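Engineer: how would this look folded up:
(one chain, ligands or ions: 1)
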Amino acid sequence: MEDILEAIKKSAIKIEKEIKNSDGSFSKNLNSTGDNQLKLDVVSDEIIEDELKQINIIKEIISEEKEDSVEINPNGKYLVGYDPLDGSSLVDVNQSVGSIFAIYENDYSGNNLVASVYVIYGARVDLVIALNDVKLYRLQRDEFKFINNLTLGEKGHINATGGTQKNWSSYHRELVNSFFIKGYRLEYSGGMVPDLHSILLQRGGLFSYPTTSDKPKGKLRMIFEVFPFAYIFEKAGGKAIDGEKRILDFKPSHLHDTMPCFFGSTYEIEEVKKVYANRA
Ligand code: AFP
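Structural biologist: Okay, the predicted model is just below:
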């Protein structure tokens, strides 16, 4: 496992330099989700693949930017799913972006996750590693220094509301508004990594990306985005559900499956369950 974590750190340092020098232009391809691929997406994916394929304990890797998995070592122990540069379109408006890594054993079921890591490229470069707890590291002169453990309180004050509002269901709109009426503050950048990092660093709140009329199965990808953050939020003392059920109890049918997701401290997730259980 240590070799994988070191490879992620090396990748992060290289990607951070690429972002600083990026001209934001698009490559000629689309990714498996049909998104235009920024050259930065492709370069970040190549940096990570080059680092991970040198590690013998890895059986295969699957990238959000590629249709199929890539075999590394048939006798390897771990499967690594990653989103090389999540929210990459935000680079052009100088917002924070991130890389997300999920490390599985046997298959890509949520309950087979054994570690999750993300990197946020913002005013500072932070790295968060979730094994049995959640640890925050910060890049200082090309080295990641341990800062502190991340834990969630019982409840928070942030309401990060994903998706286009006109495409929300009436009950989801009722849920979102119920938090604003309680005094929660809207914090939403359109980047999953900075939006969830902010909730973790402020020790609570709710991030939601629900089923919407334009995305009936949600937008966020199970293997590379939803499962790793569900793991992190649970290890930090919070919860992660699809509106009713625990996210990590799910298993994708296809490598690029998406699902609705709610990540938060306990109080907020229990409120989600109440509204979604009674939806018309
Ligand atoms: P891109 O990678 O296409 O920029 O999308 C980012 C993302 O996958 C995730 O990082 C955000 O949480 C989510 O999409 C934002 O989606 P909406 O813009 O529909 O709210």
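Engineer: so who does whichever residue of the stretch 101-250 of the chain sits closest to the ligand touch?
Structural biologist: For the stretch 101-250 of the chain, the residue closest to the ligand is M192, as judged by CB to the nearest ligand atom, at 3.4 Å. The way it works is simple: take the backbone N, C-alpha and C, and place the C-beta from them, glycine included. Applying CB atoms under 8 Å, 6 or more residues apart in numbering, we find M192 in contact with D86, G87, G98, I100, F207, Y209, L220, E225, F229.
Engineer: Quick check: the farthest pair among those?
Structural biologist: Spatially, the most separated pair among the contacts of M192 is G98 and Y209, at 15.2 Å (CB to CB).
Engineer: and these two? which has more neighbours close in?
Structural biologist: Shown here are G98 and Y209; by other CB atoms under 10 Å, G98 has more neighbours (29 against 23).
Engineer: residue contacts, that one?
Structural biologist: L85, D86, G87, Y118, V119, I120, Y121, G191, M192, V193, P194, H197.
Engineer: Return the entry from the residues you listed with the maximum number of neighbours.
Structural biologist: Counting neighbours by other CB under 10 Å, L85 leads the contacts of G98 with 32 neighbours.
Engineer: Any chance of the backbone angles for it?
Structural biologist: Main-chain torsions, L85, degrees, to the nearest 10: phi -150, psi 80.
Engineer: In contact with the closest residue to it other than its chain neighbours, which residues?
Structural biologist: Counting by CB to CB, 6 or more residues apart in numbering, S44 is the residue found nearest to L85 once chain neighbours are left out, at 4.2 Å. By CB under 8 Å, 6+ apart, S44 lies in contact with S11, I15, E18, P84, L85, S88, S99.
Engineer: Neighbours of the second one, how many?
Structural biologist: Counted with other CB under 10 Å, the burial measure for I15 works out to 24 neighbours.
Engineer: Pretty sure it sits in a strand.
Structural biologist: No. I15 is assigned helix when assessed by DSSP: H, G, I helix; E, B strand; the rest coil, not a strand.
Engineer: any idea how far K182 is from it?
Structural biologist: 38 Å (CB to CB, to the nearest Å).
Engineer: Next, the contact list for I48, please.
Structural biologist: I48 makes contact with A7, I8, S11, I15, S63, Y82, P84, S99, according to CB under 8 Å, 6+ apart.
Engineer: Tell me who's in contact with the fifth one.
Structural biologist: With contacts taken as CB under 8 Å, 6+ apart, S63 has the following neighbours: D45, I48, E49, V70, G81, Y82, D83, P84, F224.
Engineer: same check, this time on G191
Structural biologist: Per CB under 8 Å, 6+ apart, neighbours of G191: D86, G87, L90, Q95, S96, V97, G98.
Engineer: Repeat that for N111.
Structural biologist: So N111 contacts L248, D249 (CB under 8 Å, 6+ apart).
Engineer: how about the helices in the protein?
Structural biologist: 2-20, 39-52, 170-181, 192-201, 227-235, 266-277 (DSSP state H).
Engineer: Out of the ones you listed, indicate the one that is most buried.
Structural biologist: helix 227-235 (a mean of 26; mean count of other CB atoms under 10 Å).
Engineer: so what secondary structure elements neighbour it?
Structural biologist: strand 97-105, strand 113-121, strand 125-130, helix 192-201, strand 239-241, strand 261-264 (3 or more CB pairs under 8 Å, 6 or more residues apart in numbering; DSSP states H and E).
Engineer: orientation of it relative to helix 192-201 in degrees?
Structural biologist: With axes from the mean of the first three to the mean of the last three CA atoms, to 10 degrees as the basis, helix 227-235 and helix 192-201 are set at 0 degrees to each other.
Engineer: got the residues of the stretch 151-280 of the chain near the ligand?
Structural biologist: Residues of the stretch 151-280 of the chain lying near the ligand by CB under 6 Å from any ligand atom: G162, G163, G190, G191, M192, K219, L220.
Engineer: tell me the contacts of the residue nearest the centre of the chain?
Structural biologist: Centroid-nearest residue in the chain, with CA atoms, centre = their mean: E225, separated by 3.7 Å. Each residue near E225 by CB under 8 Å, 6+ apart is listed here: E64, D83, D86, I100, M192.
Engineer: What separation do you get for it and K251?
Structural biologist: 16 Å.
Engineer: What's the local residue count around the residue nearest to A160 when sequence neighbours are not counted?
Structural biologist: Leaving aside its chain neighbours, A160 sits nearest to F207 (4.1 Å; criterion: CB to CB, 6+ apart). F207: 26 surrounding residues under other CB under 10 Å.
Engineer: Thanks a lot, catch you later.
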